[in-house]
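Enquirer: just need the structure, nothing else, for what follows:
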Amino acid sequence: MNPADLETALHNRLAVLLMDKLEDPECTAGWAQVARGFLNDNKVSGLDVETDQVAELAAKYSELRLKHG
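Expert: From the prediction side, this is the model:
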């Protein structure tokens, strides 16, 4: 596995983990903050959604922000 593939795989696994955490009814503000940082680090605004795990995480984070203000 080359470095680019490794980075992609890591990002996808982290996005899936964070989505699972955000879907948990007992999700804490800390996990939402980690998700926000992950999205910001990857320059994902949540406005232009693609069809991959990071984009799904952006959409889930937006839903969480609307739900919990």
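
Enquirer: how close does Lys21 get to Asp5?
Expert: Lys21 sits at a distance of 25 Å from Asp5 (criterion: Cβ to Cβ, to the nearest Å). Bear in mind the C-beta positions are built from the backbone N, C-alpha and C, glycine included.

Enquirer: which one's more surrounded, the two?
Expert: Between Lys21 and Asp5, Lys21 has the larger neighbour count (other Cβ atoms under 10 Å), namely 18 against 9.

Enquirer: hmm, Gly30 and that one touching each other?
Expert: No - here Lys21 does not reach Gly30: they are 9.5 Å apart, not a contact under Cβ atoms under 8 Å.

Enquirer: per-residue confidence at the most centrally placed residue in the chain?
Expert: With distances taken as Cα atoms, centre = their mean, the residue of the chain nearest its centroid is Leu57 (3.4 Å). pLDDT, the model's per-residue confidence, is 77 for Leu57.

Enquirer: can you tell me the SS state at it?
Expert: helix (DSSP: H, G, I helix; E, B strand; the rest coil).

Enquirer: low-confidence stretches in this structure?
Expert: Applying pLDDT under 70 to the chain flags residues 45-52, 64-69.
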